[in-house]
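Trainee: Sequence isn't available, so here's the structure alone:
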DNA sequence: CTTGACCTTGGAGTAGACTCTAAGCTTTAT
DNA sequence: ATAAAGCTTAGAGTCTACTCCAAGGTCAAG
């Protein structure tokens, strides 16, 4: 049995985080001591580890709640239930990467076009681009 | 001279967004009509276009405020002031991409290991990984 | 018996970028 | 004349994942 501070410490997180997870239904302590202190057992510890691993691969707390609901009812769930969640997340992450890649390329084009020197910014190509170019003008041209 | 609705319409945004930008110092209407309505002129329109272009390449509103402060004082600023902001953003975006790439690879490994079929989730490799693997186990192994 | 570390609760604050609501005035169209 | 559309304001709500705060109870050490 661990108290909240011990459990938090074992996992390198804050006690507030544990109370936050509890409030959001991710991790209920299995019991309370007579004095009202939260009492976590081995299973709670493992559940927390599950949560933190899921977080480390990018799942949001909402998605983790879904994963947990399958985990606790494994016997009545199938692989495709689980894989579906992973694959949906894979799509979301890939889309976000694609968006950021577009940003990165636009920024790179802006950066490359600017001398970055001590000249007056009045003719700075970056500002000129932001003043009047269309977004398309900041896309890379694969044709050249 | 445009009223708030016209300006919002021309740029495909919400009037609330315009008021929000105003409150946050990004875009002040150059005048007010006698009835109190906001009156935007050509310069305001161009400033808004600048803001939206900067947004489209990934700048946050705070970063855009910095760009605007250089833009309006161009004559006394230099290229390196501008390029610095772009390059800092480039670093932030690249770091975020790197993080998401790690997520993507971990998720891909989880997905690849699972049959995704109608079998009981009791032996699902994804759940097993989240139950007991160390985060490193979900990194790709470049050695193979 | 006091100090300090730990625990409890409810609730507020943070960041970012809006989005919505309420109550009310103005303008435009019928 | 009236209804619909548009404008005003201040302020609240949304989402995510915490993080902090206040006021107070509990427990071990010195």
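Mentor: Thanks, I have it. Note that the coordinates shown come from a computational prediction; the quantities given were computed from them, not determined experimentally.

Trainee: The helix ranked longest in chain A and DNA strand D in contact?
Mentor: The helix spanning the most residues in chain A, taking DSSP state H as the definition, is helix A:79-113. No - residues of helix A:79-113 contacting DNA strand D under C-beta under 7 Å from any atom of the strand: none, with a closest distance of 11.3 Å. For the C-beta atoms, the positions are set from N, CA and C on the backbone; glycine is no exception.

Trainee: Show me what counts as buried in the helix or strand that that helix is followed by.
Mentor: Using DSSP states H and E, the next helix or strand after helix A:79-113 towards the C-terminus is helix A:125-132. Buried residues in helix A:125-132, defined by neighbour count with 16 or more other C-beta atoms under 10 Å in any protein chain shown: A:125-127, A:129-130.

Trainee: Is any residue of helix A:125-132 near chain B?
Mentor: Yes - interface with chain B: helix A:125-132 contributes A:126-127, A:129-131 (C-beta under 8 Å from any C-beta of the partner chain).

Trainee: hmm, who's touching stretch A:109-127?
Mentor: A:129, A:138-140, B:57, B:67, B:70-71, B:74-75, B:77-84, B:86-87, B:90 (C-beta atoms under 8 Å, 6 or more residues apart in numbering or on different chains).

Trainee: how does it look with 6 Å?
Mentor: Contact with stretch A:109-127 is made by A:129, A:138, B:71, B:74-75, B:77-80, B:82-83, B:86-87, as judged by C-beta atoms under 6 Å, 6 or more residues apart in numbering or on different chains.

Trainee: Contacts only, for the residue lying closest to residue A:81 once chain neighbours are set aside.
Mentor: Nearest non-adjacent residue to residue A:81, counting by C-beta to C-beta, 6 or more residues apart in numbering or on different chains: residue A:70, 5.5 Å away. The contact partners of residue A:70, by C-beta under 6 Å, 6+ apart, come to A:77, A:81-82.

Trainee: and residue A:77, what are its phi and psi?
Mentor: In terms of degrees, to the nearest 10, the main-chain angles of residue A:77 are phi -120, psi 160.

Trainee: What is the burial count for the residue lying closest to it once chain neighbours are set aside?
Mentor: Residue nearest to residue A:77 in three dimensions, not counting chain neighbours: residue B:121, with 4.2 Å by C-beta to C-beta, 6+ apart. For residue B:121, the tally of surrounding residues (other C-beta atoms under 10 Å in any protein chain shown) stands at 22.
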